[in-house]
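Participant: sequence first, then the predicted structure, then my questions.
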Amino acid sequence: WYAFNILAAVWFGFIHQAGVLPIQRHISRLDHGNVPYVNLVYSHTYMPPRFPLMQPKIIGGETNLPYCNNQKTKYLVHDLGSSELSYVHNRLLALISRGDYIFKKQNKSMHTLLIIPTHLLQPFHHLVKNSLHIHLLHSHGPHVSVEALGKFEPMYWDGDGEVTTMSVVFGAIYSLQQFSLSVLNVTMGHVSTVEMGQLDNKS
């Protein structure tokens with residue numbers, strides 16, 4: 001009974017979805033350069049709490065709030081749950097396209113950040129190809145998303161496809177590093193007409 005409670009406390013308190021709160025705090029400390037809007041797109045995480053973002057009720061108020069690093073920035077939270085990566089891709093394309101439109105019409109900038117388990121970055125990079133530019137800002141571990149474990153692929157072989165003692169050691173280290181949560185800055189890349197057509201059909 002005691003062992004079960006200790007294991008449960010460690011699992012739910014320090015490992016399972018443990019990166020969400022620290023990542024929220026990190027985002028609140030980023031310098032967004034007084035950008036009016038920042039999209040926060042969450043993939044394969046629990047619903048993120050809003051309070052660590054330290055966003056005031058009145059955006060751009062005259063009162064200086066020492067606890068708020070981005071007083072003139074409004075965070076727009078998009079919780080995509082366990083949606084497929086293809087849906088995450090299309091949603092990012094739509095948000096960034098909307099941001100470009102707002103900038104042209106209203107001269108207001110909009111940034112887009114993606115928060116996603118680290119082990120999903122490789123298949124996501126493979127999916128988006130050159131349509132999005134993705135820049136890693138920060139990672140926090142340990143973080144295990146049970147909802148995304150089905151997409152985790154450990155690598156224990158070397159460049160020649162053989163399994164050796166060293167490949168197992170380095171593969172284990174690599175696998176442990178993948179159990180973290182990452183936040184990335186996402187901007188528009190080179191989008192093909194086919195991708196834009198798919199986007200228009202979904203919107």
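Facilitator: That came in fine, so what should we check first?
Participant: list the contacts of Leu184.
Facilitator: Taking C-beta atoms under 8 Å, 6 or more residues apart in numbering, we find Leu184 in contact with Leu113, Leu114, Ile115, Ile116, Leu121, Ile134, His135, Leu136, Leu137. To be clear about C-beta, it is placed using only N, CA and C from the backbone, and glycine gets the same treatment.
Participant: which of the residues you listed are buried, as a PyMOL select command?
Facilitator: Selecting only the buried entries of the contacts of Leu184 in PyMOL, with 16 or more other C-beta atoms under 10 Å as the criterion:
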select buried, resi 113+114+115+116+121+134
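Participant: backbone phi and psi for Phe51, please?
Facilitator: For Phe51, the backbone dihedrals (degrees, to the nearest 10) come out as phi -60, psi -30.
Participant: state the distance from it to Phe179.
Facilitator: Using C-beta to C-beta, to the nearest Å, Phe51 is found at 25 Å from Phe179.
Participant: who's more crowded, the two?
Facilitator: Phe179 (19 against 9; other C-beta atoms under 10 Å).
Participant: please report phi then psi for the more buried one.
Facilitator: According to degrees, to the nearest 10, Phe179 has phi -80, psi 70.
Participant: for it, what are its contacts?
Facilitator: Residues counted as contacts of Phe179 (C-beta under 8 Å, 6+ apart) are Thr118, His119, Gly141, Pro142, His143, Val144.
Participant: biggest separation within those, which pair?
Facilitator: Greatest spacing in those, by C-beta to C-beta: His119 and Pro142 (12.0 Å).
Participant: these two: which is more packed in?
Facilitator: Taking neighbours as other C-beta under 10 Å, His119 and Pro142 compare with His119 leading, 24 against 14.
Participant: need the contact list for the more buried one.
Facilitator: With contact set as C-beta under 8 Å, 6+ apart, His119 has these partners: Ala148, Lys151, Phe152, Glu153, Gln178, Phe179.
Participant: for the strand or helix carrying His126, list every residue counted as buried.
Facilitator: Element membership for His126 (DSSP states H and E) is helix 121-128. For helix 121-128, the neighbour count (16+ other C-beta under 10 Å) marks Leu121, Phe124, Val128 as buried.
Participant: any chance of these in TSV, plus pLDDT and distance to Asn185?
Facilitator: Compiled in TSV, the buried residues of helix 121-128 are given as follows (pLDDT from 0 to 100; distance: C-beta to C-beta, whole Å):
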residue	pLDDT	distance to Asn185
Leu121	89	13
Phe124	92	14
Val128	89	14
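Participant: center of this structure - which residue?
Facilitator: For the chain, the residue sitting closest to the mean C-alpha position, by C-alpha atoms, centre = their mean, is Ile115 at 1.1 Å.
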